[in-house]
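> have a look at this prediction, sequence included:
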Amino acid sequence: MGMLKTYIEEQAESKKLSVTEWMQKRIDEIPFCKIATHVGKFSHPDAKVTICDTSDSPCKGYVATSNSAHDTDVSVNAAYMGTAKLLFDNLLEDGHTVFFHVVTGSSLVEEEFKALHLDEALYHTFKERVLQCSRPSFPDTTDGLLKQVYFPIGANAYHLLTVMPSSSVLLKLKEKVKQLDEQRKQCREAGADYDELWDLTAISFGGTKPQNISYLNSANGGTAYLLPSLPPVLSGRQVRKPKRNFFRESLSFRNYKYIFKELHVLFKADRNNKQIRDAVRAHIEQLISQAMMAAYALRREGEGWSGDGAYASLPLHQKIWLDTQYALQRKEDEWREELSADFGRWVIRTYEYILKKERCTLGDGEMRFFKHEFRDELDKAVRCE
């Protein structure tokens, strides 16, 4: 057989017990393993209360145990941690736990028992104990060691609530953060885009004895992560003043890399139907919108900013667009044509830089299209000024 059989044999041998004796001890200890999604010890190490919430209420708009992927936790004395590990460590080839297979009615664990030449009655006792401890549990009373809050429900009325964090969700979050961190490392090595979480806070439970809190806490080394629950700090976006070319200097290609990669998928498409053309147009409109917003931000720098000697090499047609000093000249036509050509060249060169050898060849047809789309939006903007 497999991993479970080997694990049981090794554990029995390490304790100088027969396989039957070792399994009997585990069966006797199962009632001391309280299956839980909320463990009071995470709030106070001496709290005894636990909750096992297996409801499927959607709780729309909120992150809750019922609508989140999470593992089952076990509130257990450190002396019985071996039994918790037998039930919840990944000891089967399919990645599921012994607890999962027993509760779902799988015969896999029973087959492992037979391979160990264990008595059939022993397995049925084991199964019965596991099913007993798997039932949802909600205590009738709270624990005096846990903090409580008054929740008003009307005039001179309130509920007294005990707030218990879900250890299952808390430690599932840590697993997700670690997966994201591993993906980030792989993407950085490959030069690909990646997501990152900022301002994480590590919190410790149980000190040097995390096994005294819960099974999952012990398995995670007694630490978990907290996401920041604060409003964002908003500040005005700083746009770099261009010295030679607005598109190259004030629009960072890193902010739009995903748009160019999505354009690349469309450029490679075998078909050239209306759906593809509309999708390309939508992505170009995103780039135009970003360019427009950056231009308006530069206009707020103050009239005449482009007259400084540092910006002497900035083309006049770009100064007309970016500096309010030239507002009267915006009604003219020539500068708009030149600016639209600048946009078209920027799109093509940025696409070629990002995609490198994978790029498609873009020619005069694409250049005319990019110019036309930008000119159309630019004319609308000038008319509205």
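Great, that's in hand.

> ok, which stretches of the stretch 201-350 of the chain are helices?
Counting by DSSP state H, counting those that start in this stretch, one finds helices in the stretch 201-350 of the chain at the ranges 215-219, 246-250, 257-268, 274-299, 316-322, 334-355.

> element containing residue 143?
Using DSSP states H and E, residue 143 falls within no helix or strand.

> point out where the stretch 201-350 of the chain drops to low pLDDT.
234-237 (pLDDT under 70).

> hey, which of the helices of the stretch 201-350 of the chain is tucked in deepest?
The highest mean neighbour count among these, using mean count of other CB atoms under 10 Å, belongs to helix 215-219: a mean of 25. From N, CA and C alone the C-beta is placed, and that goes for glycine too.

> how many neighbouring residues does residue 239 have?
20 (other CB atoms under 10 Å).

> quick check, it in contact with residue 294.
Yes - in this structure residue 239 lies within contact range of residue 294 using CB atoms under 8 Å: 5.0 Å.

> where do the contact lists of those two overlap?
residue 250 (CB atoms under 8 Å, 6 or more residues apart in numbering).

> quote the end-to-end distance of stretch 22-41.
For stretch 22-41, the first and last residues are 29 Å from each other (CA to CA, to the nearest Å).

> what mean pLDDT would you report for that stretch?
Mean pLDDT, computed over stretch 22-41, is 91.

> look up how far residue 14 lies from the nearest residue to residue 301 once chain neighbours are set aside.
Spatial nearest neighbour of residue 301, excluding adjacent residues (CB to CB, 6 or more residues apart in numbering): residue 241 at 6.8 Å. Counting by CB to CB, to the nearest Å, the separation of residue 241 from residue 14 is 70 Å.

> quick revisit: now the helices of the stretch 201-350 of the chain as JSON lines including distance to residue 74?
Listed next are those as JSON lines, based on distance: least, CB to CB, whole Å:
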{"stretch": "helix 215-219", "distance to residue 74": "4"}
{"stretch": "helix 246-250", "distance to residue 74": "57"}
{"stretch": "helix 257-268", "distance to residue 74": "43"}
{"stretch": "helix 274-299", "distance to residue 74": "50"}
{"stretch": "helix 316-322", "distance to residue 74": "64"}
{"stretch": "helix 334-355", "distance to residue 74": "49"}
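
> for residue 148, find the nearest of these.
Of all those, it is helix 215-219 that lies closest to residue 148, at 23.0 Å by CB to CB.

> identify the residues contacting that closest one?
Under CB under 8 Å, 6+ apart, the answer for helix 215-219 is 39, 42, 71, 73-76, 81, 84-85, 88, 167-168, 171, 205-206, 210-211, 224.

> let me see the ranges of the strands in this structure.
34-36, 38-39, 50-51, 73-75, 148-154, 157-162, 201-204, 223-226 (DSSP state E).

> same for the first one, what does it pack against?
Pointing back at strand 34-36 there. Secondary-structure packing of strand 34-36 (3 or more CB pairs under 8 Å, 6 or more residues apart in numbering; DSSP states H and E): strand 50-51, strand 73-75.
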